[in-house]
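Trainee: Test case, fold it:
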Amino acid sequence: MATPLLVLKVDVDTLRGTLEGAPRLVELLQRHQTDATFLFSLGPDHTGWAIRRVFRRGFLGKVKRTSVIEHYGLKTLLYGTLLPGPDIGRRAGDMMRRIHAAGFETGIHCWDHVYWQDQVAGADREWTVRQMRQAVERYAEIFGAAATVHGAAGWQMNSHALRLTAELGFTCCSDSRGTHPFLPVVDGATIRCPQFPTTLPTLDELIGLDGITPANVADRLLALTASAPATGHVFTLHAELEGMKFLPILDRLLTGWRAQGYRLGALRTLADEMTLGALPRHEVAYGTVPGRTGTLLIQRPATLVGH
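Mentor: Numbers count the residues shown, from 1 in each chain. This is a model prediction of the structure:
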């Protein structure tokens, strides 16, 4: 690649994020004349179910650090508990189509965000197929075309889901955390659907740790990107965060990354520049990252030869 690429991957978790945060991001991205990938939650918004994580180690600390109620709104946090969970695809399909019509890449985040995030690690193939097919079918219903990209909710996957990324015909996926593009290896077999892992920490992982605040978090991220790897970076942002209160931070980051010499683009930009057969093969495993509770899918460092 002539100049380093920094991919912007937008996770849209909730109904509010789809209707309010995503269009604000579109406006900002258009002002900066940059592409991005919007990954939508397409089924019910059961954000309130996340209260079941209250006993998970580190969960309450993260809630305190990142002002969850302020970012998501009280109504969203009641969906699935005191309020019925609205069907995001039914309620916000028009907005999703508008974002696609504006020229942005769109893809699948999940069917039911909290349900997927909390259950997929231990789920069997039947459960996984049902969840992913519901999302695939709803995406086709909304957009009139098949989805080509997938980015799992909470970077949560299992071996069945990884195999399904190829079976369902995705061009590329961003379901993991890691350092560079790769082909995942599951039980000794290579999955022929490339993973473009998130390579940078998210804002909510940084804020509240080591003296980092909303006022200086952009400086911290720009320090991390000052030296560009040959394969560039993938940065994950959220419609509920960078599309709302953290929008000015993202504005500063976009300006800073351009000043550092990056091209800003979507996952499809990276896919167009990759040769599938030349990608290294890596196993994946569940691991942790600083600032995020629980475990998530991590690219293992050892490159596997063959397969």
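
Trainee: where in this protein is pLDDT low?
Mentor: Where the chain drops to pLDDT under 70, the residues are 1, 46, 48-83, 302-307.

Trainee: how about the helices in it?
Mentor: Assigned by DSSP state H, the chain shows helices spanning 15-16, 22-31, 59-66, 68-72, 74-78, 88-101, 113-119, 125-143, 159-167, 203-206, 217-224, 247-259, 267-272.

Trainee: Point out the most buried one among those helices.
Mentor: helix 15-16 (a mean of 24; mean count of other C-beta atoms under 10 Å). For the C-beta atoms, the positions are set from N, CA and C on the backbone; glycine is no exception.

Trainee: one step back: redo the helices of the chain as a markdown table? Include distance to T3.
Mentor: Formatted as a markdown table, the helices of the chain follow (distance: least, C-beta to C-beta, whole Å):
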| stretch | distance to T3 |
| --- | --- |
| helix 15-16 | 36 |
| helix 22-31 | 19 |
| helix 59-66 | 33 |
| helix 68-72 | 33 |
| helix 74-78 | 39 |
| helix 88-101 | 27 |
| helix 113-119 | 35 |
| helix 125-143 | 31 |
| helix 159-167 | 29 |
| helix 203-206 | 25 |
| helix 217-224 | 17 |
| helix 247-259 | 11 |
| helix 267-272 | 12 |
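
Trainee: Please identify which of those helices is closest to A2.
Mentor: Distance to A2, taken as C-beta to C-beta, is lowest for helix 267-272 among the helices of the chain, at 12.5 Å.

Trainee: Run the chain-centre distance for the closest one.
Mentor: 15 Å (C-alpha atoms, centre = their mean, to the nearest Å).

Trainee: Stretch 104-124 now?
Mentor: 10 Å.

Trainee: Check the separation of the first and last residues in stretch 218-234.
Mentor: Taking C-alpha to C-alpha, to the nearest Å, stretch 218-234 runs 16 Å from one end to the other.

Trainee: I figured I249 was touching L203, is that so?
Mentor: Yes - when contacts are counted by C-beta atoms under 8 Å, I249 is listed as touching L203 (6.5 Å).

Trainee: okay, and the common contacts of the two?
Mentor: 217, 242 (C-beta atoms under 8 Å, 6 or more residues apart in numbering).

Trainee: and the gap between G169 and F246?
Mentor: From G169 across to F246, the span is 34 Å (C-beta to C-beta, to the nearest Å).

Trainee: Tell me which of these two has more neighbours.
Mentor: F246 (23 against 12; other C-beta atoms under 10 Å).

Trainee: returning to that earlier point: between the helices of the chain, which gets nearest to A153?
Mentor: helix 113-119 (4.6 Å).

Trainee: Who are the packing partners of that closest one?
Mentor: helix 125-143 (3 or more C-beta pairs under 8 Å, 6 or more residues apart in numbering; DSSP states H and E).

Trainee: Swap in 6 Å and give it another go.
Mentor: Judged by 3 or more C-beta pairs under 6 Å, 6 or more residues apart in numbering; DSSP states H and E, helix 113-119 has no packing partners among the helices and strands.

Trainee: Kindly export that helix (C-alpha atoms) in CSV.
Mentor: Extracted in CSV, the C-alpha atoms of helix 113-119 (Å, rounded to 0.1, in the frame of the first residue of the first chain):
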residue,chain,number,x,y,z
HIS,A,113,-26.6,-7.7,20.4
VAL,A,114,-26.7,-8.6,24.0
TYR,A,115,-28.0,-12.2,23.4
TRP,A,116,-25.2,-12.9,21.0
GLN,A,117,-22.5,-11.3,23.1
ASP,A,118,-23.5,-13.2,26.2
GLN,A,119,-24.4,-16.6,24.7
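
Trainee: Can you tell me which of the helices of the chain is nearest to H180?
Mentor: That would be, of those and by C-beta to C-beta, helix 267-272, which comes in at 10.5 Å.

Trainee: how about the CA coordinates for that closest one, as CSV?
Mentor: Provided in CSV are the C-alpha atoms of helix 267-272 (Å, rounded to 0.1, in the frame of the first residue of the first chain):
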residue,chain,number,x,y,z
LEU,A,267,-13.2,-2.5,5.4
ARG,A,268,-13.9,-2.9,1.6
THR,A,269,-10.9,-0.6,1.0
LEU,A,270,-8.7,-3.0,2.9
ALA,A,271,-10.2,-6.0,1.2
ASP,A,272,-9.5,-4.6,-2.3
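
Trainee: what residues does it touch?
Mentor: 7, 37, 105, 149, 171-172, 174, 196 (C-beta atoms under 6 Å, 6 or more residues apart in numbering).
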